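Enquirer: Everything below, folded, please.
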Amino acid sequence: MTATTHLDDARMKAMATAIRVLSMDAVQAANSGHPGMPMGMADVATVLFSKFLKFDPAAPRWADRDRFILSAGHGSMLLYSLLHLTGYAQPTMADIRNFRQLHSVCAGHPENFELPGVECTTGPLGQGLAMAVGFAIAERHLNATFGSDLVDHKTFVVAGDGCLMEGVNHEAIGLAGHLKLGHLNVLWDDNRITIDGDTKVSTSEDIPARYRATGWHVVACDGHNFADIERAIAEAVADPRPSLIACRTIIGKGAPNKQGTHNVHGSPLGDAEIAAAREALGWTLPPFEVPAEILADWRSLGAKGAAAHAAWAGRLAADAQGQEFARRMAGELPSLEEAEATFATWLEDNQKVATRKASELALGVLAPLVPELIGGSADLTGSNLTKVKATTPLTADDYSGRYVYYGIREFGMAAAMNGMALHGGVIPYGGTFLVFSDYCRNAIRMSALQQARVVYVLTHDSIGQGEDGPTHQPIEHVMSMRMIPNLELFRPADIIETAECWQLALEKADGPTVLALTRQNVSQLRKAGSGENLSAKGAYRLEAAGAARKVVLVATGSEVEIAVAVRAALEEQGIGADVVSMPSMGLFRAQDAAYQADLLPADVLKVSIEAGTTFGWEAITGPDGLRFGIDTFGASAPAAALYDYFGLTAAKITPQIVAVLGA
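Expert: All right, here's what the predicted structure looks like:
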């Protein structure tokens, strides 16, 4: 989109000055924040929004808008100023006055769940850029599926030196270059300042060379010369490769005594420097007031976008695929009745398979029915079993594919999936070993914070991984992920629970899901039922006591089979025992008190069995219960030998329960 062309340099300078003044005033009022980046990038942002960006402030969720992502999220006042000035309903000037205060939509870092004009939540440096790769993947895929009349937009990113230093940047740009994501353009705020001072104290690398080496187009400009900025962006937009636009800027530009130094990076300018900046910028109005003529120029950009939006809406209404496109963008699932019917027939079988294999079987049913599913793996496809017939490769030559080979880039994969989910129109899932979730943990946390519908297929979920040893055997991982708010973790016990958990994962539209899956085969424990999704309540009574109930055995995943064997041994001794399978501790704890009390009555011994840390299980067993697990690192041996060594067998657990009951 080429926006207004009537704005001369003087008017654009005034528009950029409005960003600078709003930013420094908001940070000063809050006595907290980062004025330097918004002031330094004000000229670049003014050119981008006035000359290139396709957006409609009246319709922040317009599907074919360009995406603007502030990867350098600490400079949030740049984004808040732009949204207000261009005419978005929020933030209002009152919101900006309330910057960084409790319940303000203008949070310290941009939050997508607070403001519709914020595409993704940024702050952890590098992840905005990495998520932008996912936005660009989703755009190209949907373009290949629905055509350019419905999907043809770009993703623009503002990133700072810190974003380009973070390790995830290496992963993200390698993937983007490999996939030739030409609609992705990164505006690098090349101010050469970090919190510690000049960047020369910590880095001497040739960043443009690094980007060129990964297949990117690189162009540079004077970040305070409007014509040069426009030239560079135009060159980037025209190039078929992803582009890095190195914008040489002065951090805090406009603050005469502090600009160009780290003193404007992470703290308010102070009253004296604010006054000096106002004089230098020729701004005479008090804080939080913008001259009508400057505001009118900004608001004119939104009107231009409204026309582009209206033309697109006409094409959508006339397009034969319009309704399907709208369904996907709305995040509405197609009917899963056919999948449910297929899964119900599995109750009649007796399939002893690893839950990673069960996941593959479930995906084989679901993927043809849910065309928005896009899978992938961090170079472990054959181990995670994440690729099925319906998910052909998504490549630079064929963006219509539905499977991304992410390479050994766990963090980059997770961040990209966040971007894909937040773009809309796709539901991403990706696999790696559970132990390697540490590489991408912050992106998983960001999935939960941003309410992103992402499915993490994390296999080899315990010492059952076997011979690769403790470096590859999760211990603390399952429980630690249960601690992340809004992240649903499922550890299914067999093929039936795995299918149920996949369905629940797809139905969770407001956050991510982890499927923790076994390497080793597990018996099918559910062979009859009404068709009800028993995993939906997080836990259920798999087997009831025959004798008078004295014990409730609670287990997850591969250890449910062990619990069944323990129950049989106890019943032989006249000790009644229930087996409760708990695929999701979170969903169980969300049930009402009556349901929880029915499964875990107060007058019995409660025992947990999980091949991981026992930490946290006291919330289920109570302080007087028994907790069987592993609170050390694992070891290298076949899985069966490890389970015996760590005491996770019926033969070793049963006597300990009997001893406690007899005490």
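
Enquirer: residue ranges of the helices in the stretch 451-600 of the chain, please?
Expert: In the stretch 451-600 of the chain, the helices defined using DSSP state H, counting those that start in this stretch lie at 477-482, 495-507, 559-572, 585-589, 593-599.

Enquirer: Any chance of those in a markdown table with mean pLDDT and mean neighbour count as columns?
Expert: Just so you know, the C-beta spots here come from the backbone N, C-alpha and C atoms, and that holds for glycine as well. Listed next are the helices of the stretch 451-600 of the chain as a markdown table, based on pLDDT from 0 to 100; neighbours: other CB atoms under 10 Å:
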| stretch | mean pLDDT | mean neighbour count |
| --- | --- | --- |
| helix 477-482 | 98 | 21 |
| helix 495-507 | 98 | 25 |
| helix 559-572 | 98 | 22 |
| helix 585-589 | 98 | 19 |
| helix 593-599 | 98 | 13 |
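
Enquirer: Make CSV out of those and add distance to Ala18.
Expert: What follows is these, written out as CSV (distance: least, CB to CB, whole Å):
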stretch, distance to Ala18
helix 477-482, 44
helix 495-507, 45
helix 559-572, 61
helix 585-589, 46
helix 593-599, 55
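
Enquirer: out of those helices, nearest to Val168?
Expert: helix 477-482 (19.4 Å; CB to CB).

Enquirer: Please save the CA atoms from the closest one in CSV.
Expert: Taking Å, rounded to 0.1, in the frame of the first residue of the first chain, the C-alpha atoms of helix 477-482 are listed here in CSV:
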residue,chain,number,x,y,z
HIS,A,477,9.9,-30.9,33.0
VAL,A,478,6.4,-32.1,33.3
MET,A,479,5.7,-30.6,36.7
SER,A,480,7.5,-27.4,35.8
MET,A,481,5.2,-26.9,32.8
ARG,A,482,2.2,-27.5,34.9
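
Enquirer: helices or strands up against that helix?
Expert: In terms of contacts (3 or more CB pairs under 8 Å, 6 or more residues apart in numbering; DSSP states H and E), helix 477-482 is packed against strand 488-490, strand 513-517.

Enquirer: now the longest helix seen in the chain: how far from the chain's centre is it?
Expert: Using DSSP state H to define each element, the chain has its longest helix at helix 292-318. With CA atoms, centre = their mean, to the nearest Å as the basis, helix 292-318 stands 30 Å off its chain's centre.

Enquirer: Any buried residues in it, and which?
Expert: Using 16 or more other CB atoms under 10 Å as the test for burial, helix 292-318 gives 294-295, 297-298, 300-302, 304-306, 308-309, 312, 316.

Enquirer: Stretch 460-473 now?
Expert: 460-466, 472-473.

Enquirer: Can you tell me which of those residues is closest to Leu333?
Expert: Asp461 (26.4 Å).

Enquirer: Once you drop chain neighbours, what's closest to the closest one?
Expert: Spatial nearest neighbour of Asp461, chain neighbours left out: Ala516 (4.3 Å); criterion: CB to CB, 6 or more residues apart in numbering.

Enquirer: what is the one you found paired to in the beta sheet?
Expert: Beta bridges link Ala516 to Leu458, judged by DSSP bridges.

Enquirer: neighbours around it, how many?
Expert: 28 (other CB atoms under 10 Å).

Enquirer: again with Ala651
Expert: 11.

Enquirer: From Ala641, how far out is it?
Expert: Distance, Ala651 to Ala641, by CB to CB, to the nearest Å: 14 Å.

Enquirer: what sits against the nearest residue to Gly160 once chain neighbours are set aside?
Expert: In this structure, Gly160 finds its nearest non-sequential neighbour in Ala72, 3.8 Å apart by CB to CB, 6+ apart. Neighbouring residues of Ala72 by CB atoms under 8 Å, 6 or more residues apart in numbering: 37, 122, 125, 128, 158-160, 162-163, 189.

Enquirer: Now with 7 Å, please.
Expert: Contacts were defined as CB atoms under 7 Å, 6 or more residues apart in numbering; by that measure Ala72 touches 37, 158-160, 163, 189.

Enquirer: Give me the distance between it and Thr194.
Expert: 11 Å.

Enquirer: Return the per-residue confidence for the nearest residue to Asp379 once chain neighbours are set aside.
Expert: Nearest non-adjacent residue to Asp379, counting by CB to CB, 6+ apart: Ile408, 4.7 Å away. Here the pLDDT value assigned to Ile408 is 98.

Enquirer: three-state assignment of Ile408?
Expert: coil (DSSP: H, G, I helix; E, B strand; the rest coil).

Enquirer: and it, how many neighbours?
Expert: 13.

Enquirer: That one reaches Thr432, doesn't it?
Expert: No: using CB atoms under 7 Å as the test, Ile408 is too far from Thr432 to be in contact (9.2 Å).

Enquirer: Overlap of the contact sets of these two?
Expert: With CB under 7 Å, 6+ apart, Ile408 and Thr432 have common neighbours Ala378.

Enquirer: Surely Ser81 is in contact with Ser23?
Expert: Yes: under the criterion of CB under 7 Å, Ser81 makes contact with Ser23 at 5.8 Å.

Enquirer: who has more neighbours, these two?
Expert: Between Ser81 and Ser23, Ser23 has the larger neighbour count (other CB under 10 Å), namely 31 against 25.

Enquirer: Which other helices and strands does the helix or strand hosting that one contact?
Expert: According to DSSP states H and E, Ser23 maps onto helix 9-30. Secondary-structure packing of helix 9-30 (3 or more CB pairs under 7 Å, 6 or more residues apart in numbering; DSSP states H and E): helix 36-40, helix 42-47, helix 76-86, helix 93-97, helix 271-281, helix 292-318.

Enquirer: again, only this time at 10 Å
Expert: helix 36-40, helix 42-47, helix 76-86, helix 93-97, helix 226-238, helix 271-281, helix 292-318 (3 or more CB pairs under 10 Å, 6 or more residues apart in numbering; DSSP states H and E).

Enquirer: buried stuff in stretch 608-615?
Expert: 608-614.

Enquirer: Among the residues you listed, which lie within strands?
Expert: Among those, the residues falling in strands (DSSP state E) are 608-609.

Enquirer: Report the two of the buried residues of stretch 608-615 separated the most.
Expert: It's Ile609 and Thr613 that sit farthest apart of the buried residues of stretch 608-615, by CB to CB, at 12.8 Å.

Enquirer: okay, and the common contacts of these two?
Expert: 627, 629 (CB atoms under 10 Å, 6 or more residues apart in numbering).

Enquirer: can you list the weak-confidence ranges in the protein?
Expert: 1-5, 663 (pLDDT under 70).

Enquirer: picking that back up, right, and the residue nearest to Asp379 touches Glu171 too?
Expert: Yes: here Ile408 reaches Glu171: they are 8.7 Å apart, a contact under CB atoms under 10 Å.
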